[in-house]
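[1] Provide a 3D model corresponding to the input given below.
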Amino acid sequence: MSAPIGVFDSGLGGLTVAAAIRAALPREAIVYLGDTARVPYGTRSPATIVRYARNNVAFLKRQDVKLVVIACNTVSAHALGGLADGGDVPVLGVIRPGARVAVEASRGGTIAVLGTPVTVRSGAYEQAIHELDPNREVVQIACPLFVPLVEEGWTAHEVTRLVAQEYLGPLAGTRVDTIILGCTHYPLLREVITETAQRLLGRSVEVVDSATAVARDVAAFLQRAGLEAPEGDGSPPQRFCVTDAPDRVGDVARRFWGEQLGAFEHVDVFMGGPPGGGQA
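    Alright, predicted model coming up:
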């Protein structure tokens, strides 16, 4: 099926997921939506997050996508059930794939989840891990400063290393052997996070990025559903949309996508409603 895959996030971090899907499924077209008018979601109430997510899914459905991937841990934690149930387009999130890969990668130790405050408070990763292994110990750490550091481009800055040391300090002396990067921005800090964690723990640690796990799940789903794109000539179209300031997102987007992108398209997901309170 030649219809595109829809991917959305509250901002541009979900491009890490879109890039992983592109790498795993080079024949698939992608429509990416970054809700830059209302970012960040991580400080919003669950009801607001659900309302925003419904706006975004409705927009992607209007683009005739065959699948929606929620490339946002916050939305996956609070809204996935309501978005996926009974819809005419299948919806996949990032939390269950990431939890599954973490359990597979772990050597039986504690799994640490790094995420935004809202994702951590939701307990969604802990629940997903315990569905797979009820006795597994899980620790969760909110790391709100990681997002602005990534967007500033300070992925290897000394300030970032000091912040990582502060956030990950509680891991010292624990049995943690696997860390989940529970935010789409965090993969850009993978090196700093890994080095800091291993120094504190005094041993190697597995660091899991949900993006590759999601891409694997998308490939498996499309195959099962018979929705894979047919063989074609050339590269499939990739469309990049934002809800605000398309002229100011290029540099940040390139960090997540891994290469220079073309122009971003400014779109309205609100169907005539106000940005802060689109129709649910």
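[2] Low-confidence ranges, the stretch 101-250 of the chain, go.
    233-234 (pLDDT under 70).
[3] Show me where it has its strands.
    Using DSSP state E, counting those that start in this stretch, the strands of the stretch 101-250 of the chain run over 110-115, 138-142, 176-182, 206-209, 238-242.
[4] Of all those, which one is nearest Leu25?
    Of all the strands of the stretch 101-250 of the chain, strand 238-242 sits nearest to Leu25, with 11.8 Å by C-beta to C-beta. C-betas here are computed from N, CA, C, even on glycine.
[5] Who are the contact partners of Gly226?
    By C-beta atoms under 8 Å, 6 or more residues apart in numbering, Gly226 lies in contact with Met1.
[6] The one 5 residues further on too?
    When contacts are counted by C-beta under 8 Å, 6+ apart, Glu231 is found next to Arg27.
[7] about what we covered before: nearest to Pro90, of the strands of the stretch 101-250 of the chain?
    Nearest of those (C-beta to C-beta): strand 238-242, 19.6 Å.
[8] And the next helix or strand past the closest one?
    Using DSSP states H and E, the helix or strand that follows strand 238-242 in sequence is helix 250-257.
[9] Need the residues that contact that following helix.
    Against helix 250-257 from outside (C-beta under 8 Å, 6+ apart): 12-16, 18-19, 34, 150-151, 153, 155, 184-185, 188, 240, 260-261, 264.
[10] For the helix or strand following it, what does the pLDDT average out to?
    Using DSSP H and E, the helix or strand that follows helix 250-257 towards the C-terminus is strand 265-266. Regarding strand 265-266, the rounded mean pLDDT is 94.
[11] List only buried entries from the contacts of helix 250-257.
    12-16, 18-19, 34, 150-151, 155, 184-185, 188, 240, 261, 264 (16 or more other C-beta atoms under 10 Å).
[12] out of those residues, which are inside helices?
    The helices, defined by DSSP state H, take in 15-16, 18-19, 150-151 from the buried ones among the contacts of helix 250-257.
[13] So which of the residues you listed is the closest to Pro97?
    Proximity of these to Pro97 (C-beta to C-beta) peaks at Thr16, which lies at 13.4 Å.
[14] In this structure that closest one contacts Thr184, no?
    Yes. Between Thr16 and Thr184 there is a contact at 5.2 Å, judged by C-beta atoms under 8 Å.
[15] joint contacts of those two?
    71, 211, 256.
[16] State the distance from the second one to Gly182.
    As defined by C-beta to C-beta, to the nearest Å, Ala211 lies at a distance of 12 Å from Gly182.
[17] And the last one, by the same measure?
    As defined by C-beta to C-beta, Phe256 lies at a distance of 16 Å from Gly182.
[18] Kindly report the same for His157.
    22 Å.
[19] Among the two, which residue is more densely surrounded?
    Gly182 (31 against 13; other C-beta atoms under 10 Å).
[20] List the contacts of stretch 113-131.
    Against stretch 113-131 from outside (C-beta under 8 Å, 6+ apart): 40-44, 46, 49, 73-74, 76-78, 95-96, 98-100, 102-103, 111, 136, 138-144, 146-147, 167, 179-183, 186, 193.
[21] Buried ones in that stretch, by neighbour count?
    Counting neighbours by 16+ other C-beta under 10 Å, stretch 113-131 gives 113-116, 118-120, 122, 124-126, 128-130 as buried.
[22] One more: stretch 70-78?
    70-78.
[23] Just flag the most distant two among the residues you listed.
    Spatial extent of the buried residues of stretch 70-78 (C-beta to C-beta) is set by the pair Ala71 and His78 at 14.6 Å.
[24] per the record, what domains does this structure have?
    As assigned by automatic domain parsing, the chain contains the domains 5-93+212-266, 95-210.
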